[in-house]
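**Q** return a 3D structure for these sequence lines:
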Amino acid sequence: MMETEQSGLNISLLASGSTGNITYVESGKTKLLVDCGLSGKKAIELLAKIGRRPEDLDAILVTHEHSDHIKGVGILARKYGLDIYANEKTWQAMEPKLGKLKMEQKNHFSIDKTLTLGDIDVSSFGVSHDAIDPQFYTFQKDDKRFVMLTDTGYVSDRMRDYVRDAEAYLIESNHDLSMLRMGRYPWSLKQRILGDKGHLSNEDGALALSEIVGDRTKRVYLGHLSKENNMKEIAHSSVEEILVNKGTGVNETFHLYDTDPEVPCPLFTL
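**A** Below is the predicted model of the structure:
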């Protein structure tokens, strides 16, 4: 067994962006995907790039039914006999899109619940997005916690309290406000993205981060960047500037990392 598998949580953002999202989380006993918003073939290729195999996976957790989060869920689950976890309303919305599955593969994971999958405690919390009942997850093992928070129009006080002072975050940095407003999207779509059930801008994500990072925090990954309305360099510099101005300790006690829609982040260990 590889050294990175012996203790703690090991994580890779396999793909993150408006075109598709997949996150990999493992411990010594458990290997999970969160969402699979690319084809099954692409997901297998991305896993191979971090030295992992789909046949070793235990389950897929689903955040919501949008295609950039579930495109490859059905095919992977069928091919490798994987359990799928999602809340009841999300199952109702996504099941027709997943294809035929065995009953025993379908598991319900309600909002504000904690499940222990192998040796990882996974907790769910609700977000504000234009899906039927969207939820995201925190992963905890040996007092170390990884938080996923994307696909939300705003971060409420309740969300902030729930995810505060984790060791690592994936947080949404979807769009640059100027690029979105000046871009070619129709006004109705711009309104959707900017609304309370849309996506966090670079500024919104940074302001939320400034209130949730803490002494434990070591890594922050900027995710779900819009292909049309953002760039890594813009997102990174915008978030960094706000975090510096807020005195958060960015680049000192914790560091910012970029994600990519096609290139997985190297595995990191908590």
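**Q** tell me the buried residues in the longest helix seen in the chain?
**A** In the chain, with assignment by DSSP state H, the single longest helix is helix 232-245. For helix 232-245, the neighbour count (16 or more other CB atoms under 10 Å) marks 234-236, 238-240, 242-243 as buried. Where C-beta positions appear, they are placed from N, C-alpha and C, glycine not excepted.
**Q** same check, this time on stretch 30-42
**A** Of all the residues in stretch 30-42, those buried under the rule 16+ other CB under 10 Å are 30-38, 40, 42.
**Q** swap in stretch 75-85?
**A** Going by neighbour count (16+ other CB under 10 Å), the buried part of stretch 75-85 is 75-78, 80, 82-85.
**Q** if we can go back for a sec, so which of the buried residues of stretch 30-42 are in strands?
**A** Within these, residues falling in strands by DSSP state E are 31-34.
**Q** those into JSON lines, with extra columns for pLDDT and distance to residue 106?
**A** Output for these, formatted as JSON lines (pLDDT from 0 to 100; distance: CB to CB, whole Å):
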{"residue": "31", "pLDDT": "98", "distance to residue 106": "19"}
{"residue": "32", "pLDDT": "98", "distance to residue 106": "16"}
{"residue": "33", "pLDDT": "98", "distance to residue 106": "16"}
{"residue": "34", "pLDDT": "98", "distance to residue 106": "17"}
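**Q** sorry, back to before: just the buried residues of stretch 75-85 now: which is nearest residue 155?
**A** Set against residue 155, the nearest of the buried residues of stretch 75-85 by CB to CB is residue 85 (23.5 Å).
**Q** burial count for residue 49?
**A** 12 (other CB atoms under 10 Å).
**Q** helix or strand next in line after the helix or strand that residue 211 is a member of, which one?
**A** Of the helices and strands defined by DSSP states H and E, residue 211 is found in helix 202-212. Sequence-wise, the next helix or strand downstream of helix 202-212 (DSSP H and E) is strand 219-223.
**Q** which strands and helices sit next to that following strand?
**A** Packing contacts for strand 219-223, counted by 3 or more CB pairs under 8 Å, 6 or more residues apart in numbering; DSSP states H and E, involve strand 168-172, helix 232-245, strand 255-258.
**Q** just send those back as a markdown table, with mean pLDDT and distance to residue 49 too.
**A** What follows is the helices and strands packed on strand 219-223, written out as a markdown table (pLDDT from 0 to 100; distance: least, CB to CB, whole Å):
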| stretch | mean pLDDT | distance to residue 49 |
| --- | --- | --- |
| strand 168-172 | 98 | 18 |
| helix 232-245 | 98 | 19 |
| strand 255-258 | 98 | 16 |
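**Q** could the ones you listed go into TSV alongside distance to residue 13?
**A** Formatted as TSV, the helices and strands packed on strand 219-223 follow (distance: least, CB to CB, whole Å):
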stretch	distance to residue 13
strand 168-172	6
helix 232-245	13
strand 255-258	8
